Structures are given as structure tokens and as C-alpha cells.
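J.: please work out how this folds:
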Amino acid sequence: MVETFLDALTPDDIDWFKSDFEKLINVDPVDRPYSIEDSQRIYGVDVTNIDRRHVMTADHEGYKRMADILSRYIPRGTFFYMAYQRQYLPHQLHVDSVYPDTDLNYAKSAIIPLDENPNGVFNTIVWNKAFYTNENLQDYFKQFIANSSQFPIVSDVSQTQDVDHFWGGSPSIVDTMPLDGVYNYQLGSMGMFDRAHLHCSSNWVKYQLVDHKDIILLHIG
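T.: I've put the predicted structure just below:
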């Protein structure tokens, strides 16, 4: 289930985190490279990194503030990973892996936007299909590629969501799994979902409204 917590952050919270984000996003950055050929072919843009992160440490003021915010939704003391993330391209189909020490009672991922959502183009789409690692997900992809006729169509996600940045042809792999929900970004809100459920970003790049989006990313449990 996709949960949207409205008013998770106050306007003062948003201002503080946006300021802290700008101070830190280029400090010890973790970049994920992306093929410029694929960037041009799929999105029509010249981008060499899918995103940039600054991973927060537990002693940082932002992490402590987030712990206070999260305590309204999960028990205080539950472990969480926190990163400031600037996305240059939509995230494609993936799961946020579950590890042996993950607390499965609270194995969630959460997204907190730091900007307005122009024309509602920023969404995270989540399927009711669990894979505990991305290796398990890759096995599913290989099976689909080998014989897509064995995968019945159970949804119309390819027609109702901006997921045209995926491979799969017809039928589309995104229609072989039931939709769990969609988080439509709203400034001040937080979207939370089962981190082992398949999810992706909507293809916001095709609208050419912004060149990146800024979020706080949380992996809980």
C-alpha cells in the first residue's frame, strides 16, 4: 500500500531542509553514472548521471530532525537510511533491497519532495509485486524477455501512468503486475511504501519543465 502523509513537514521544515540540501548536495557526492547514448535514445537529453546523493549521518542535524518527523509514523529508534538526492533522470523499475538485518515490520521506503510538483508530473508508481533484491527482479525480467506470453496482463498501468521510458514492447511488462498505488508529489507531504515492492519514477523528463528534481530519500527498517 502506498501511503501519503500530508503536512508531514511544516513550511519551516521545508525551508530548513531545502537550505541544508543546497549546502550539502555537492559535498562528498555519490553519483550514479548513466549511458549518454541511452539518455539520448530514451529521453532525448544529454545526461551522464541519473542522480546525485549526499548520504546523511546520524549525528547531523538534518538526520535528527528527520528522526523526530518519522517518529509520528514509525516507532522512534527504528533504523533509517537518509540521503539528499538530486535526480536528473527518472528512476526505472527497481526495488530497494531488503537485507538480513532489515526489520521487516518497518521495511519501507519514503520520499519527501523539496520542490513544487509542476503540473503534477512527479509521481512514484508502485506495484503489488515484491522482490527482496534487484537480482530477483532481474530474473523476472529475463523470464519475461524469454517468453512474455506466459505473463498475463493484469493492469493497464502502461496506459494510465507516464511509464513510456521502459523497455518491454507489447505487451508491456508493467501491465503484468497489479498496481499497488501512486504517490503524487506534494510539497510538505511524504510518500511511503513497502521497499521490496517494485517501483519507479514517472517520466517527468518528457515534459521539459525542469532539468532535475530534489527529494529526501529514506529507507526504513
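J.: how much space between the residue of the chain positioned farthest from its centre and residue 157?
T.: Most distant residue from the mean C-alpha position of the chain: residue 149, 29.0 Å away (Cα atoms, centre = their mean). Using Cβ to Cβ, to the nearest Å, residue 149 is found at 19 Å from residue 157. (C-beta placed from N, C-alpha, C; glycine too.)
J.: do the same with residue 185
T.: Counting by Cβ to Cβ - residue 185 and residue 157 are separated by 18 Å.
J.: same question for residue 106.
T.: Per Cβ to Cβ, residue 106 is found 27 Å from residue 157.
J.: looking at these two, which has the bigger crowd around it?
T.: The neighbour count for residue 106 versus residue 157, taken as other Cβ atoms under 10 Å, is higher for residue 157 (21 against 16).
J.: from memory that one sits against residue 163, does it?
T.: Yes: using Cβ atoms under 8 Å, residue 157 is in contact with residue 163, at 6.3 Å.
J.: what sits in contact with each of these two?
T.: Here residue 157 and residue 163 have 125, 172, 174 as joint contacts, going by Cβ atoms under 8 Å, 6 or more residues apart in numbering.
J.: mind listing the residues bridging to the first one?
T.: Residues found in beta-bridge contact with residue 125 (criterion: DSSP bridges) are residue 182, residue 200.
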